[in-house]
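> Sharing a model prediction with you, sequence too.
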Number of protein chains: 2
Amino acid sequence: MGTTQLESVPEPKYWHLKTVLSEALDSEFAVGEILPNERDLAARFGVARATLRQALEQLELEGRLQRRRGVGTTVAPPRMGVAVGTEQHIWPGAAGDDWQPADSTLEVPPASVAGVLDTGADETVHLVRRSRVSHGQPVAAELLYVPASSVRDLSAIDAPAGAARARAVLRELQRLELEGRESAVELGSARADDAKQLDRLPGAPVLVVTTRYVAQGRTAALSVATYRADTCRLTFGDSGGVEIHEGPARQAS
Amino acid sequence: MGTTQLESVPEPKYWHLKTVLSEALDSEFAVGEILPNERDLAARFGVARATLRQALEQLELEGRLQRRRGVGTTVAPPRMGVAVGTEQHIWPGAAGDDWQPADSTLEVPPASVAGVLDTGADETVHLVRRSRVSHGQPVAAELLYVPASSVRDLSAIDAPAGAARARAVLRELQRLELEGRESAVELGSARADDAKQLDRLPGAPVLVVTTRYVAQGRTAALSVATYRADTCRLTFGDSGGVEIHEGPARQAS
């Protein structure tokens, strides 16, 4: 790592420091290793702690570092590829789907969701909560909104609550013929409940994937899935999974 | 907006403040409107400026606010849906592609890219730089790596430099039969050159889309595209575009 002084560099200091730190992570540290504390790191590179902190934040954003409460800052493993789009159209809960249903309740959805589902202002819909685990880690939490009109024959008696009820809603939904699926990915911040489920702090950056399932010419269900942005790379396309262990976005910086 | 005091709320103050501010943005402010300054806002809600700043950062992450140098904090327009995946497989630069080629040079790619392209350690490849404009705004910057073996008949004499050379590389690439395409989306931070092109500050959160183009059973080209995370929602699937103007991720918080 050396004791490179950064005084003479014209670009923002933290930016150059980030590059230097990134190289050090590659050459000197193993995945999972805890970095020296901020004071020692700042002294080593001859920068102010504020500068160091900016560089560490950048590296966290890029998935190189993880900051964990009670542990410190560790070197992150490469991000996992998690498939969010496939060539085939399958309903949530169909065979090959790797989400675990947690429960299902009747809720009045947010106005924006009601608009997409074309339900009335105070109309309740089935809200199925599911979670996705990959490589033993929680990677995503989902809210799946299913209007009553999509699951007309659902019997409340068969499955009054919990995961059994969630499975009953999904089973009924699968009776419809799926005509299409559209998704969008955007940046968001973890809500308190998602954060807990994903083992992150509220407000942590997340990737929000919104998927509209179309049947009978209308939106039969709407999924809002929140993925950990620090550990996940969302893949879509033919076979999912562009295997680049050191992301070029990192290297080129 | 009122002068709601937040003292008695058990959840983190900035989190509750974010929700209150978000509602105020919906009801009292128009898109593009400049917010009152931090001191006035903090006084109005009875919170410390540090708390206010945390809430504003969250709202920026969720695309509700934009902070612009020399302007202040403004209410952001809804994010634009930008299609990144289509059912059809087309080469970059083919008809219907809305990227503008800027230039093309020969460069030694980062090791991670060379690994995917299966080129030698010091082997140069064509690096085509392109940009994407949507609704009059720059939304993405792309680095497209094309190994020489994918464009064997490229004549250096016909197009020595600039956009003409970039178009010549793309034209040659299109002679191959495209067999498949795989993409991945992940969170990143804007490199200095991309940031300039995208009218953002270096280090701003971006969505990095890596796409591998497969021809003749191998990776014929690799694209690393950097999208503005504040203004873009990346769509893929049947027809692209899940039209939810107020993202449910926002509303549900």
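Yes, it's here.
> so what are the domain limits for chain A?
For chain A, the structural domains run A:13-75, A:80-244, going by automatic domain parsing.
> Tell me which of the ones you listed sits nearest to chain B.
Smallest distance to chain B across the domains of chain A (Cβ to the nearest Cβ): 3.4 Å, for domain A:80-244. Using the backbone N, CA and C atoms, a C-beta is placed for each residue, glycine as well.
> and residue A:80, bridged to which residues?
residue A:232 (DSSP bridges).
> on that earlier part again, turn the domains of chain A into JSON lines, columns for mean pLDDT.
JSON lines is the format used below for those (pLDDT from 0 to 100):
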{"stretch": "domain A:13-75", "mean pLDDT": "88"}
{"stretch": "domain A:80-244", "mean pLDDT": "86"}
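> looking at those domains, which is buried most?
Of all the domains of chain A, domain A:80-244 carries the top mean neighbour count, a mean of 19, counting by mean count of other Cβ atoms under 10 Å in any protein chain shown.
> Would it be right to say that residue A:85 lies in a helix?
No. Counting by DSSP: H, G, I helix; E, B strand; the rest coil, residue A:85 is not part of a helix but coil.
> Assess the claim that it and residue B:85 are in contact.
Yes. Look at residue A:85 against residue B:85 with Cβ atoms under 8 Å: they come within range, at 6.5 Å.
> how about residue A:221, secondary structure?
Following three-state DSSP, residue A:221 is assigned to strand.
> which residues touch it?
Contact partners of residue A:221, counting by Cβ atoms under 8 Å, 6 or more residues apart in numbering or on different chains, are A:91, A:92, A:144, A:145, A:146, A:147, A:150, A:173, A:212, A:213.
> how about a cut-off of 6 Å?
Taking Cβ atoms under 6 Å, 6 or more residues apart in numbering or on different chains, we find residue A:221 in contact with A:146, A:213.
> Next: the one 4 residues further on.
For residue A:225, the contacting residues are A:140, A:142, A:209, by Cβ under 6 Å, 6+ apart.
> who does the last one bridge with?
With DSSP bridges as the criterion, residue A:209 is bridged to residue A:185, residue A:225.
> can you give me the helices in chain A?
Under the criterion DSSP state H, chain A carries helices at the ranges A:13-28, A:38-45, A:49-61, A:111-117, A:162-173, A:192-198, A:248-251.
> Format the ones you listed as CSV; extra columns: distance to chain B.
Shown next, in CSV, are these (distance: least, Cβ to the nearest Cβ, whole Å):
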stretch, distance to chain B
helix A:13-28, 6
helix A:38-45, 17
helix A:49-61, 5
helix A:111-117, 4
helix A:162-173, 18
helix A:192-198, 7
helix A:248-251, 3
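> Turn these into JSON lines, including distance to residue B:121.
Output for the helices of chain A, formatted as JSON lines (distance: least, Cβ to Cβ, whole Å):
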{"stretch": "helix A:13-28", "distance to residue B:121": "16"}
{"stretch": "helix A:38-45", "distance to residue B:121": "29"}
{"stretch": "helix A:49-61", "distance to residue B:121": "25"}
{"stretch": "helix A:111-117", "distance to residue B:121": "50"}
{"stretch": "helix A:162-173", "distance to residue B:121": "50"}
{"stretch": "helix A:192-198", "distance to residue B:121": "39"}
{"stretch": "helix A:248-251", "distance to residue B:121": "14"}
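> Of all those helices, which one is nearest residue B:49?
With Cβ to Cβ, the closest approach to residue B:49 among the helices of chain A belongs to helix A:49-61: 17.5 Å.
> tilt between the closest one and helix A:38-45?
Orientation check (axes from the mean of the first three to the mean of the last three Cα atoms, to 10 degrees): helix A:49-61 against helix A:38-45 gives 100 degrees.
> What is helix A:49-61 packed up against?
helix A:13-28, helix A:38-45 (3 or more Cβ pairs under 6 Å, 6 or more residues apart in numbering or on different chains; DSSP states H and E).
> Could you list every helix and strand in contact with the longest one?
In this case it means helix A:13-28. When contacts are defined as 3+ Cβ pairs under 6 Å, 6+ apart, helix A:13-28 sits against helix A:49-61.
> which residues sit against the helix it packs on?
Contacts with helix A:49-61, where a contact means Cβ under 6 Å, 6+ apart, come from A:13, A:14, A:17, A:18, A:21, A:38, A:41, A:42, A:65, B:189, B:203.
> Mind picking the two most distant members of those?
Spatially, the most separated pair among the contacts of helix A:49-61 is A:42 and B:189, at 20.4 Å (Cβ to Cβ).
> Just give the closest residue to residue A:13, not the sequence neighbours.
What sits nearest to residue A:13 in space, not counting adjacent residues and going by Cβ to Cβ, 6 or more residues apart in numbering or on different chains, is residue A:51, at 5.0 Å.
> just residue A:177 next, same as before
residue A:215 is the one closest to residue A:177 (Cβ to Cβ, 6+ apart), at 6.0 Å.
> Test my guess that the one you found contacts residue A:176.
Yes. Contact criterion Cβ atoms under 6 Å: residue A:215 and residue A:176 qualify, at 4.1 Å.
> which residues sit in contact with residue A:42?
Neighbouring residues of residue A:42 by Cβ under 6 Å, 6+ apart: A:49, A:52.
> Which strand residues bridge residue A:221?
With DSSP bridges as the criterion, residue A:221 is bridged to residue A:213.
> With residue B:180 as the reference, measure out to the nearest residue to residue A:12 once chain neighbours are set aside.
Leaving aside its sequence neighbours, residue A:12 sits nearest to residue B:202 (Cβ to Cβ, 6+ apart; 6.7 Å). To residue B:180, residue B:202 is 34 Å away according to Cβ to Cβ, to the nearest Å.
> do the same with residue A:93
Per Cβ to Cβ, residue A:93 is found 28 Å from residue B:180.
> any idea how far residue A:172 is from the closest residue to residue A:102 other than its chain neighbours?
In space, residue A:102 comes closest to residue A:129 once its chain neighbours are excluded; the distance is 4.6 Å by Cβ to Cβ, 6+ apart. Look at residue A:129 and residue A:172: by Cβ to Cβ, they are 17 Å apart.
> and what of residue A:96?
19 Å.
> do the same with residue A:143
For residue A:143, the distance to residue A:172 - Cβ to Cβ - is 18 Å.
> just residue A:122 next, same as before
23 Å.
> cool, residue A:58 as well?
Distance of residue A:58 to residue A:172, given as Cβ to Cβ: 47 Å.
> cool, and residue A:237?
31 Å.
> In chain A, which residue is most central in space?
What sits nearest the mean C-alpha location of chain A, by Cα atoms, centre = their mean, is residue A:227, with 1.1 Å.
> How about the contacts made by that one?
Contact partners of residue A:227, counting by Cβ under 6 Å, 6+ apart, are A:140, A:207.
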